[in-house]
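Student: compute the structure for the input listed below.
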Amino acid sequence: MTLFLHSSEDSSFSRRLTSRSQRLSLSCIVAIAMFSLIFAKAVAADQPWRVEVNDGEAYLVEVAKGVDSQRFPITYTSPGIRFIKSFQANPNIDVLIYFSGAAGTSVIVDIEYALLIDRESGKLIADLPWRYQDSSGEKYFTQPQWSFFSDKIEVHDEQSGLRKTITW
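Tutor: Below is the predicted model:
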């Protein structure tokens, strides 16, 4: 149903209503944007690692109490890289999972890598493929196979032909 307003009083009401609606819409957009920024900062503050990109080189940087403490070079596939999670593989090794970016032409593949860090020395042991995923979710890719032992980690990746054993 369409309502046509003919009087100048009705027209003024219509303009005020539109103006109020626009102000309300703008207020909602600003509120959502502010909430998003606050939420993003809160989430980022809880992350123990952050990604830093300088001159085409990417690094995973540990954030300890607001001070950068460790910094490791990482594989940089495309923009959008980010830290995902970390876990202790065994008493000697920490594993840091990060999104390396996306690659491909006809099928875009999201790629995750894992950094292996020696807990005692704090040194980088390896930077290896962790997971491949079709960003549309339609195609399955053979995943890297990781085996964790008390004295070694074995990684076999058919996609890249990688076969690596890391011992300590």
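
Student: show me where this structure has strands.
Tutor: With strands called from DSSP state E, the chain shows them at 49-54, 57-64, 67-74, 82-90, 93-103, 109-118, 124-134, 145-148, 152-157, 162-167.

Student: please identify the deepest-packed of those.
Tutor: strand 109-118 (a mean of 21; mean count of other Cβ atoms under 10 Å). For every residue, glycine as well, the C-beta is placed using N, CA and C.

Student: okay, now the sheet partners of that one, with direction.
Tutor: Strand 109-118 pairs in its sheet with strand 93-103 (antiparallel), strand 124-134 (antiparallel), by DSSP bridges.

Student: quick check: angle from that strand to strand 152-157?
Tutor: 160 degrees (axes from the mean of the first three to the mean of the last three Cα atoms, to 10 degrees).

Student: using PDB, list the CA coordinates for strand 109-118.
Tutor: What follows is strand 109-118, C-alpha atoms only, in PDB (Å, rounded to 0.1, in the frame of the first residue of the first chain):
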ATOM      1  CA  VAL A 109      42.900 -23.200  -0.600                       C
ATOM      2  CA  ASP A 110      43.300 -21.800   2.900                       C
ATOM      3  CA  ILE A 111      46.600 -22.900   4.400                       C
ATOM      4  CA  GLU A 112      47.600 -23.300   8.000                       C
ATOM      5  CA  TYR A 113      51.100 -23.800   9.200                       C
ATOM      6  CA  ALA A 114      52.700 -24.800  12.500                       C
ATOM      7  CA  LEU A 115      55.800 -23.500  14.100                       C
ATOM      8  CA  LEU A 116      57.600 -25.900  16.400                       C
ATOM      9  CA  ILE A 117      59.400 -24.100  19.200                       C
ATOM     10  CA  ASP A 118      62.000 -25.700  21.600                       C
END
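
Student: for the record, mean pLDDT for that strand?
Tutor: Taken as a whole, strand 109-118 has a mean pLDDT of 95.

Student: quick one: contacts of that strand?
Tutor: With contacts defined as Cβ atoms under 8 Å, 6 or more residues apart in numbering, strand 109-118 is touched by 60, 70, 72, 74-75, 77, 84, 89, 92-103, 123-135, 141, 146, 153, 166, 168.
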